[in-house]
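[1] got a sequence here, can you model it:
(2 chains)
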Amino acid sequence: MNIKRDISTTTLSSFTLSAFFVLTVLSILLQNIPQKLFSAGDSLLKLNSDQGVANAVTTVVVYFRGFDTLGEIAVLFIASFGIGLMLTSQTHGDKNKVKSNFMLQLGARLLFPIIILFGVYVMTFGHLSVGGGFQGGVIIASAVLLMFVSSNHFHLSHRVVEVLETFAGISYVMIGLIGLIVVDSFLGNFLPHNISQLGLLLSGGIVPIIYIIIGIKVGSEMSLIVQNMLQRSDND
Amino acid sequence: MIEGILEYLNQTEVIKTIVILGSMGLFFVGLFGLLSQRHIIKVFISIGIMEIAVFILFIGLSFQKGLTAPMLGDAHTSFVQMNDPIPHAMILTAIVIGMAVLALGISFAIEYYKLTGKNRLDQMNEMKH
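    You can find the predicted model right below:
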């Protein structure tokens, strides 16, 4: 890229100068930054003990901000829907497919169940350790991507993905509505969540269940995105 | 001497200054790419770099020295002396949304290239006629 041809020298120098001034002013301001910033996190950490969940980030994502997470899942669904709408409008051709290496095929076949198992583990233990539904779903989608790279005949059944996605979305909303009826709020924790059970797999009430649902939804949607993009690029 | 440098770097002000200046530098790298490149996918990648700069700024500013991750373990059995969990959760949300927007934008770019054969921003002139 020829910088001098694409942008004029005046633009470049004024850009650099303004960046330098901003950095200077910022570093002067930073000299008296407060040691302890005020945050709402301390009160949330106090409330967190009532839920029986070891990972506070999971509680914030699934319980305190559960409604926002529902909206986020909806955004992800709409993005996946848009990609499917854009990229599957033409017929799929099988020309120009390159046969992949033998080592890649064998290694992908060996690694596929292990990666799936790791994704399910990250998803299931999201309330006890690092990880959670989003991370586990993306790991599962990466396993699907590996299979797509290694094999020309691998194909995700649209029917199965649709059923999984619909099941996950509906059960998220249904659990929220049950919480609204049984307890007082949407996504209320109506299952037993005792602090004495902290650290067990079945602790935390609805929090691990909802995170597993999120993992199913994210995994199926990301796999669908991968499939749509790969099918389209095969047409070239 | 190395201990002196490490002790200087371990101050809260120095850590936060490094985080802010570094993330602003990364942001300007992305902004420069956004302004100088004309290829559509390069523009999307530049927007992704700017997003990552904002994530680093947010997480780095919420970090406080001496506090642990907001999670119980063998050594921590109660929710005291822990970092704020809210920025982690918000950045988790923002990463997923950024990924979805990037994938959707790239699919639009692919479709535009399929329809018109153009992949540069300065060649987009369909609305003029």
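[2] quick one, what contacts the most centrally placed residue in chain B?
    In chain B, the residue lying closest to the centroid (CA atoms, centre = their mean) is residue B:52, at 1.1 Å. If you count contacts by CB atoms under 8 Å, 6 or more residues apart in numbering or on different chains, residue B:52 has them with B:26, B:30. (C-beta placed from N, C-alpha, C; glycine too.)
[3] what sits against residue A:129?
    A:54-55, B:71 are the contacts of residue A:129 under CB under 8 Å, 6+ apart.
[4] the same query, at a cut-off of 10 Å, please.
    A:54-55, A:58, A:121-122, B:71-73 (CB atoms under 10 Å, 6 or more residues apart in numbering or on different chains).
[5] mind listing the helices for the chain?
    Just going to use chain A. A:3-6, A:9-29, A:41-48, A:56-58, A:66-87, A:102-124, A:133-150, A:158-182, A:207-233 (DSSP state H).
[6] to clarify, I was referring to chain B.
    Going by DSSP H, chain B shows helices at B:2-9, B:12-36, B:40-62, B:85-116.
[7] out of those helices, which is closest to residue A:76?
    The stretch from the helices of chain B with the least distance to residue A:76 (CB to CB) is helix B:85-116; that distance is 5.2 Å.
[8] what's the angle between that closest one and helix A:66-87?
    10 degrees (axes from the mean of the first three to the mean of the last three CA atoms, to 10 degrees).
[9] circling back to that earlier point, go through the helices of chain B and name the closest to residue A:133.
    helix B:85-116 (10.0 Å).
[10] distance from the chain centre to that closest one, please.
    13 Å (CA atoms, centre = their mean, to the nearest Å).
[11] cool, stretch B:25-42 as well?
    On CA atoms, centre = their mean, the centre of stretch B:25-42 falls 14 Å from the chain's centre.
[12] is any residue of it near chain A?
    Yes. Using CB under 10 Å from any CB of the partner chain, a contact is recorded between stretch B:25-42 and chain A, made by B:25, B:27-28, B:31-32, B:35-38, B:42.
[13] next one: stretch B:72-82
    Yes. Using CB under 10 Å from any CB, stretch B:72-82 reaches chain A at B:72-73, B:76-82.
[14] so how far is stretch B:55-70 off the chain centroid?
    That offset, for stretch B:55-70, works out to 15 Å (CA atoms, centre = their mean).
[15] could you verify my assumption that residue A:30 touches residue B:13?
    Yes. Using CB atoms under 10 Å, residue A:30 is in contact with residue B:13, at 6.5 Å.
[16] what average pLDDT does stretch A:219-226 get?
    The pLDDT scores in stretch A:219-226 average 91.
[17] skip the chain neighbours and tell me the closest residue to the residue of chain A found nearest chain B.
    Using CB to the nearest CB, the single residue of chain A nearest to chain B is residue A:41, 3.1 Å away. Leaving aside its sequence neighbours, residue A:41 sits nearest to residue B:84 (CB to CB, 6 or more residues apart in numbering or on different chains; 3.1 Å).
[18] and the one you found, what does it touch?
    A:37, A:39-42, A:44-45, A:56, A:60, B:62-64, B:67, B:70.
[19] and it, backbone torsions?
    Here is the backbone geometry of residue B:84 (degrees, to the nearest 10): phi -70, psi 120.
[20] least trustworthy helix or strand in chain A by mean pLDDT?
    helix A:3-6 (a mean of 63; mean pLDDT, DSSP states H and E).
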